[in-house]
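Trainee: I need the structure of the sequence given here:
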Amino acid sequence: MGHTATIQTNVSVSGMTCGHCVSAVSEEIESLAGVENVEIDLNDGGISTVTITSTQELSPSEIGEAIAEAGYLVVANEA
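Mentor: Predicted coordinates:
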């Protein structure tokens, strides 16, 4: 049984407008421990949805810091 269950985390991010924003955010999030995949549904100038697939629980603060590191803001998440 080598298959680890993955956890999906959705975050809403404001202020992303282009592909460059997407790759900057993806890179920061991918550098977090356990992250396997980052998918971003870009909403130009609005609220973009970031779906993170990871093998371990990520704290909202570490996700928030990674996104802030890329220069964007996490919008309050409905838990």
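Trainee: so Val74 touches Val13, yeah?
Mentor: Yes - in this structure Val74 lies within contact range of Val13 using Cβ atoms under 8 Å: 5.8 Å. To be clear about C-beta, it is placed using only N, CA and C from the backbone, and glycine gets the same treatment.
Trainee: of those two, which one has the most company?
Mentor: Val13 (23 against 18; other Cβ atoms under 10 Å).
Trainee: show me how far the helix or strand hosting that one is from its chain's centre.
Mentor: Secondary-structure assignment from DSSP states H and E places Val13 in strand 7-14. Distance, stretch centre to chain centre, for strand 7-14: 5 Å (Cα atoms, centre = their mean, to the nearest Å).
Trainee: after it comes which helix or strand?
Mentor: helix 19-30.
Trainee: tell me what that next one is packed against?
Mentor: For helix 19-30, the packing partners by 3 or more Cβ pairs under 8 Å, 6 or more residues apart in numbering; DSSP states H and E come out as strand 35-41, strand 47-54, helix 60-69.
Trainee: one more time with 6 Å
Mentor: strand 35-41, helix 60-69 (3 or more Cβ pairs under 6 Å, 6 or more residues apart in numbering; DSSP states H and E).
Trainee: need the contact list for Val74.
Mentor: Contact analysis of Val74 by Cβ atoms under 6 Å, 6 or more residues apart in numbering lists Val11, Val13, Gly64, Ile67.
Trainee: what helix or strand is the closest residue to the last one other than its chain neighbours located in?
Mentor: The one in question is Ile67. In space, and not counting its chain neighbours, Ile67 is closest to Val74: 5.3 Å by Cβ to Cβ, 6 or more residues apart in numbering. Using DSSP H and E, Val74 maps to strand 73-75.
Trainee: having no further points to raise, I will conclude here.
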